[in-house]
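Chemist: Let me see the structure of the following:
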Amino acid sequence: MESPRVAWPVMHHRWSDITFLHWRYPVEVVRPLVPDALEVETFDGTAWIGLTPFLMEGVRPPGLPALPWLSRFPETNLRTYVRDGRGRRGIWFFSLDAGRLPAALGGRAGYWLPYHWSDMSVRSDGRLVRYRCRRRPRGERCDVEVARGAPLPEDDLARFLTARFRLFTVVAGRTASAPIEHPPWPLRRAELLGLDQDLLQAGGLPAPDGDPVLHASPGVAVRIGMWRW
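Modeler: Okay, the predicted model is just below:
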C-alpha cells in the first residue's frame, strides 16, 4: 500500500516514539466487534490486534500554529485491520486513550472515534521507552517498556501491520472513512521489557496469548483528511 495524497487535511499531527505491539486473534473472536459493513482483514489466516502507544506532537488544524500544551500529549490506540466493500484497507479502532481532556472530547465529538481521557506519560531515554496509561475514572491500564534496537527492513507482515492509510468509523449509523497521509515508517527492532495492560479486555477481547510481535519507530508526520461516506 502507498500513502494517498491528502490535499485538504483537516488535521496535522506527528506520531513520535511509537511502539507497535501485535497479537494474533481468531477472526471469529474479532468479527463481532467490527461493523457488519467492514471485513476483518487477515494475514496468515488470522486477524491481528494492535496496541500502539506513542507521543502525539504538533497537533493543529491547517492554517493555525501548534499550541505547546494542547498540541503535545501521549496516546495509546487499540485497533484491528479491516477492508470495506470497495476494497479499501484501513484501521478500525476499539479505543483511543489520550492524555489531554480536550483531545479526548474533540476526538469523540468532532471525529466520532472512541476516545478516553487517561493519565498518561511517554518517557524516552536513549534506547529505552516507557509508556504509562491509566484510564479515567475506572483505571484500566497500559504500561509498556521497550528497548529499541537496530533498523528493521520492512517485510510483508510489517507492511500489513503498519502501512495503513485509512481510518474507519460509524457516523449516524453509516460507515465512514478518512485518508491518512504519511511517509513510510522508519521501523526498528524492539525488545519487550515489561507489559501490564487490560485495555484489550476492556475493549471486549480475551486477554492476549503469548508474546506480541514488536516494531518501533521514531515517528512520522501525518496529514488527516475529512470523513467521507
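
Chemist: Out of the helices and strands in the chain, which is least certain?
Modeler: In the chain, no helix or strand scores lower on mean pLDDT, DSSP states H and E than helix 101-111, which sits at a mean of 89.

Chemist: Give the full set of residues in contact with the closest residue to R88 other than its chain neighbours.
Modeler: Using CB to CB, 6 or more residues apart in numbering and skipping residues adjacent in sequence, the residue nearest R88 is R166, 5.8 Å away. For glycine as for every other residue, the C-beta is placed from the backbone atoms N, C-alpha and C. The contact partners of R166, taken as CB atoms under 8 Å, 6 or more residues apart in numbering, are R88, R89, G90, I91, S177, A178, P179, I180.

Chemist: partners of R166 in the sheet?
Modeler: P179 (DSSP bridges).

Chemist: How about the one 4 residues further on?
Modeler: V170 has these beta-bridge partners by DSSP bridges: T175.

Chemist: ok, it - contacts?
Modeler: For V170, counting by CB under 8 Å, 6+ apart, the contacting residues are P35, W112, A176.

Chemist: where does the first one land on pLDDT?
Modeler: pLDDT, the model's per-residue confidence, is 96 for P35.

Chemist: do the same with the second one
Modeler: If you check W112, the pLDDT there is 89.

Chemist: unless I'm mixing things up, it is touching W227, no?
Modeler: Yes: using CB atoms under 8 Å as the test, W112 is close enough to W227 to be in contact (7.5 Å).

Chemist: and for the two, which residues touch both?
Modeler: Shared contacts of W112 and W227 (CB under 8 Å, 6+ apart): T169, V171, A176.

Chemist: Around the second one, count how many other residues there are.
Modeler: Residues lying near V171 (other CB atoms under 10 Å) number 11.

Chemist: quick one: it from R89, how far?
Modeler: Plainly put, V171 is 20 Å away from R89 if you go by CB to CB, to the nearest Å.

Chemist: List just the nearest of the shared contacts of W112 and W227 to P102.
Modeler: T169 (19.4 Å; CB to CB).

Chemist: can you map out the strands along the protein?
Modeler: Ranges of strands in the chain, per DSSP state E, are 11-25, 39-40, 47-60, 73-83, 89-98, 115-125, 128-135, 142-151, 166-171, 174-181, 188-197, 213-224.

Chemist: Partner strands of the third one and their direction?
Modeler: Looking back up the chat, that one is strand 47-60. strand 11-25 (antiparallel), strand 73-83 (antiparallel).
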